[in-house]
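Participant: Predicted model and sequence below, questions to follow.
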Amino acid sequence: MTEEQKVIIDPWGNALVHDYARLIKEFGMQSFDNNIFPEPNLQMRRGVNFGMQDGEQIANAIKSKKPFYCLTGIMPSSEKIHLGTETVIQNVRYFQEHGAKTYVLIADVESQATRGVSLEEGKKRALEFHIPAYIALGLDINKTNFYLQSENKKVSNLAAICSQKITENEFRAIYGSVHPAKVMAAFTQMGDILFPQLSERMPGVIPVGIDQAPHIRMVRDVSRRLKTEYGFFLPSAVYNKYTPALNGSFKMSKSDSELIKLEIPEKDLKIVEKKINKALTGGRATREEQHAKGGEIEKCMVYEYCKDHFIKDDKVLAKMYEECVTGKNLCGECKAKYAFTYAKQFYEEFNKNFEKAKKNIGKIKFVE
């Protein structure tokens, strides 16, 4: 067994993943096809999304203007989010703008069980930071349904129903353990994912990172077993690649202090510049070699962040790419011309929108 094959994918770990083709096969996905979705967003066009399950039923719902929903969650374990969350929210935003009934759950029950955050503190963090952050990243506050796991009894009831459809051995095979907190969190997540279908049976799409694939696998299995009795659609999923740390290792966990991370919010732009300066690049050993051979852009975390998050204009990104691989720019020149400039724009826009969103938080009505 190779080192890559030993990697355990679960919602609570920090596994480093390189072999996405293996994961597509292992989790029964299809390779992501941006051609089936009208007006694909940045994440779709640039290969940030790598896999999907039943994406066609969502694409068909969009094209035929039939009802479908999109759901994502907030884990209020910290008052910062990493840039991987921005990727998920941009996918949610895409589906919202293309007609999805949009739901954002606050996973206060899961956060209490797995992170030790009280329900009161979880709600406080969601209201003061996470919800304004999601709105600042582009969600429409007037078209988004928010709810707390702890206050949504229908989710609790669904979780209980789902728990009857999975054996202990099946759970262990998917998650690797049957730790009580993880069991509770997993079944609550299933209740969350199916909740929008209680009011209307319709397709739904869950944009996630690959670490959430076990949840999707289990809820799809359970949906099949509940099909006759409840008539649920199998939830669709769109999977995005991990956002690596700036040193190229691991996913960007909020809890790992060893990684060079860029998080949201960050008002001190000198910190952003300092971290970008420390980032792994694909620069050659000497100036002469870089000019002669060009940079190894496939190794460059600076380019990765600009591609996935900071540079929205495809033409600008193409120019950055060309100037690197042809050797026109050295890494320092590239950072100054592209990374610092567009990261600064990104954070300034986020901070402005975040302050505006906080003033509108009183408009939110939680679903019960």
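Facilitator: Done, it's in.
Participant: isn't residue 275 right up against residue 262?
Facilitator: Yes. Taking contacts as CB atoms under 8 Å, residue 275 lies within contact range of residue 262: 5.9 Å. (Glycine included, C-beta is placed from N, CA and C.)
Participant: Look at these two and report which has more neighbours.
Facilitator: Each of residue 275 and residue 262 has its neighbours counted (other CB atoms under 10 Å); residue 262 has more, 22 against 19.
Participant: Report the contact partners of that one.
Facilitator: With contact set as CB atoms under 8 Å, 6 or more residues apart in numbering, residue 262 has these partners: 82-83, 246, 252, 272, 275-276, 305, 343.
Participant: can you do 10 Å?
Facilitator: Neighbour list for residue 262: 82-83, 243, 245-246, 252, 271-272, 275-276, 279, 305, 309-310, 343, 346-347 [criterion: CB atoms under 10 Å, 6 or more residues apart in numbering].
Participant: Which residue is the nearest non-sequential neighbour of the most centrally placed residue in the chain?
Facilitator: Central residue of the chain (CA atoms, centre = their mean): residue 88, 3.2 Å from the mean position. The shortest distance from residue 88 to any non-neighbouring residue, by CB to CB, 6 or more residues apart in numbering, is to residue 207 (5.2 Å).
Participant: avg pLDDT for the helix or strand hosting the one you found?
Facilitator: Following DSSP states H and E, one finds residue 207 within strand 204-209. The average of the pLDDT scores along strand 204-209 is 97.
Participant: what's the next secondary structure element after that strand?
Facilitator: Per DSSP H and E, the first helix or strand lying C-terminal to strand 204-209 is helix 213-225.
Participant: between that next one and strand 204-209, how many degrees?
Facilitator: Using axes from the mean of the first three to the mean of the last three CA atoms, to 10 degrees, one finds that helix 213-225 and strand 204-209 are set 160 degrees apart in direction.
Participant: helices or strands next to helix 213-225 in the packing?
Facilitator: Judged by 3 or more CB pairs under 10 Å, 6 or more residues apart in numbering; DSSP states H and E, the packing partners of helix 213-225 are helix 20-26, strand 49-53, helix 153-163, helix 168-175, helix 180-194, strand 204-209, strand 236-240.
Participant: Could you tell me the average pLDDT over it, please?
Facilitator: For helix 213-225, mean pLDDT is 94.
Participant: Next, the angle from that helix to strand 236-240.
Facilitator: Taking the same axes, to 10 degrees, one finds helix 213-225 and strand 236-240 inclined to each other by 170 degrees.
Participant: Return the distance of helix 213-225 from the chain's centre.
Facilitator: For helix 213-225, the separation from the chain centroid amounts to 19 Å (computed by CA atoms, centre = their mean, to the nearest Å).
Participant: what number of residues lie near the residue nearest to residue 88?
Facilitator: The burial count for residue 207: 25, using other CB under 10 Å.
Participant: So that it lines up with my notes, have the first residue be 34 from now on.
Facilitator: Yes, from this point I'll number from 34; that puts the last item at residue 240.
Participant: about what we covered before: per-residue pLDDT of the residue nearest to the centre of the chain, please?
Facilitator: Per-residue confidence (pLDDT) for residue 121: 97.
Participant: Now do the contacts for it.
Facilitator: By CB under 10 Å, 6+ apart, the residues touching residue 121 are 76, 105-106, 114, 167, 170, 239-242, 245, 271, 273.
Participant: Kindly report the same for residue 171.
Facilitator: 119, 122-123, 125-127, 129-130, 386.
Participant: and residue 199, that one's in a strand?
Facilitator: No. Counting by DSSP: H, G, I helix; E, B strand; the rest coil, residue 199 is located in no strand; its state is coil.
Participant: Give me the phi and psi angles of it.
Facilitator: Main-chain torsions, residue 199, degrees, to the nearest 10: phi -130, psi 140.
Participant: Residue 154 too?
Facilitator: When quoted as degrees, to the nearest 10, the phi and psi of residue 154 stand at phi -70, psi -40.
Participant: Not including adjacent chain positions, what is the nearest residue to it?
Facilitator: Leaving aside its sequence neighbours, residue 154 sits nearest to residue 109 (CB to CB, 6+ apart; 7.5 Å).
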